[in-house]
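Build the 3D model from these lines:
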Amino acid sequence: MEKEIGCVMEAVDQMIRHAVWSAGAKGIVVGVSGGVDSAVAAAFAARAIGPEHVVGIALPSAVTRAEDLADAAELCRFLGIEHRVISIEPVMEAYRQYPDLTATPYLTGNLMARTRMAILYAVANREGLMVCGTSNRTEYLLGYSTKHGDAAADIQPILHLYKTEVFAVARAMHLPQQVVEKAPSAGLWPGQTDEGELGATYAEIDAALRALETKGWTDPETGTEELVLKRVRASEHKRSAPPNLAGTR
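The predicted structure is shown next:
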């Protein structure tokens with residue numbers, strides 16, 4: 001297992017270095033939430049091009065937990081990357097002036113995700129950096145992400161890793177224990193957890209995804225597989241280019 005993880009890590013390092021070199025970028029910016037996905041993504045970036053070329057930005061809102069901000073800061077210290085904090089709350093307050101744009105946690109959460117990515121790209125544009133994504137394969141297949149929000153990025157170093165594999169890589173990298181062990185959460189509203197929202201543990205979800213993939217995404221045999229397959233099918237639009245008529249003339 002350790003040898004396999006080592007091979008994965010080396011392949012990701014090479015991909016990141018090639019992407020940055022090809023783009024002529026000065027470095028990488030990554031949003032650090034205090035969670036394991038952004039921690040592993042930031043660690044890959046620091047390994048690949050050196051911590052001095054990586055900027056980690058925490059983007060808190062009014063519902064961001066203090067411990068998550070502290071964990072993000074500790075991660076940046078651990079990796080030796082630059083740490084910044086830019087609150088998205090002034091932007092969210094502006095959105096609240098528009099009728100019903102923030103009427104539900106779902107609407108608010110999507111606005112938060114897209115606002116964070118807009119800020120990351122603004123920083124990247126200003127400083128000649130590439131935006132590093134933090135989505136994993138489990139979230140990608142389930143559609144558990146926001147279009148033009150956390151799903152947007154210039155590079156996606158962990159998109160090939162299931163969530164359970166992200167945890168394994170985080171342990172292999174010896175990332176801060178409090179980051180690796182905390183319950184995964186998008187932090188979009190108080191008390192929100194990924195597994196609570198998805199209705200199953202990541203171990204159960206990953207097992208279902210692997211089983212369904214071997215069966216060609218048909219014939220679910222368990223309740224979890226039925227739940228997962230429904231999400232995979234409903235989120236196909238998030239993994240495909242928008243329908244268009246280009247080239248039809």
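
after the helix-or-strand element of the chain with minimal mean pLDDT, next one along is what?
One helix or strand of the chain scores below all others by mean pLDDT, DSSP states H and E: helix 194-198, with a mean of 86. For helix 194-198, the following helix or strand on the C-terminal side (DSSP states H and E) is helix 202-214.

List the buried residues of that following helix.
202, 204-209, 211-212 (16 or more other Cβ atoms under 10 Å). Backbone N, C-alpha and C define where each C-beta goes, glycine included.

Now tabulate those in JSON lines and tack on distance to residue 50 and pLDDT.
What follows is the buried residues of helix 202-214, written out as JSON lines (distance: Cβ to Cβ, whole Å; pLDDT from 0 to 100):
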{"residue": "202", "distance to residue 50": "31", "pLDDT": "95"}
{"residue": "204", "distance to residue 50": "38", "pLDDT": "96"}
{"residue": "205", "distance to residue 50": "35", "pLDDT": "96"}
{"residue": "206", "distance to residue 50": "32", "pLDDT": "97"}
{"residue": "207", "distance to residue 50": "37", "pLDDT": "97"}
{"residue": "208", "distance to residue 50": "39", "pLDDT": "97"}
{"residue": "209", "distance to residue 50": "34", "pLDDT": "98"}
{"residue": "211", "distance to residue 50": "40", "pLDDT": "97"}
{"residue": "212", "distance to residue 50": "39", "pLDDT": "97"}
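
returning to that earlier point: contact partners of the least confident helix or strand of the chain?
142, 144, 183-186, 201-202, 205, 231 (Cβ atoms under 8 Å, 6 or more residues apart in numbering).

Now intersect those residues with the helices, please.
142, 202, 205, 231 (DSSP state H).

Now tabulate those in TSV and tack on distance to residue 80.
Shown next, in TSV, are those (distance: Cβ to Cβ, whole Å):
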residue	distance to residue 80
142	33
202	29
205	33
231	38
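
quick revisit: could you dump the buried residues of helix 202-214 to JSON lines with distance to residue 49?
Output for the buried residues of helix 202-214, formatted as JSON lines (distance: Cβ to Cβ, whole Å):
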{"residue": "202", "distance to residue 49": "29"}
{"residue": "204", "distance to residue 49": "36"}
{"residue": "205", "distance to residue 49": "32"}
{"residue": "206", "distance to residue 49": "29"}
{"residue": "207", "distance to residue 49": "35"}
{"residue": "208", "distance to residue 49": "36"}
{"residue": "209", "distance to residue 49": "31"}
{"residue": "211", "distance to residue 49": "37"}
{"residue": "212", "distance to residue 49": "36"}
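
Name the nearest of the residues you listed relative to residue 165.
residue 206 (8.0 Å; Cβ to Cβ).

And the ones in helices among the contacts of helix 194-198, which is closest to residue 39?
residue 202 (15.6 Å).

so how far is residue 183 from the closest one?
10 Å (Cβ to Cβ, to the nearest Å).

cool, and residue 169?
18 Å.

Show me which of the two is the more surrounded one.
residue 169 (21 against 10; other Cβ atoms under 10 Å).

State the helix or strand in which that one lies.
Assigned by DSSP H and E, residue 169 falls in helix 163-172.

Pull the distance from that helix to the chain's centre.
14 Å (Cα atoms, centre = their mean, to the nearest Å).

Near the spatially closest residue to residue 108 that is not a sequence neighbour, how many other residues are there?
Spatially, and ignoring its direct neighbours in sequence, residue 108 is nearest to residue 102 (4.5 Å; Cβ to Cβ, 6 or more residues apart in numbering). Residue 102: 18 surrounding residues under other Cβ under 10 Å.

quick one, what contacts residue 102?
92, 95-96, 108, 111 are the contacts of residue 102 under Cβ under 8 Å, 6+ apart.

With residue 187 instead?
So residue 187 contacts 33, 35, 61, 63-65, 68 (Cβ under 8 Å, 6+ apart).

at 7 Å what do you get?
33, 63-65, 68 (Cβ atoms under 7 Å, 6 or more residues apart in numbering).
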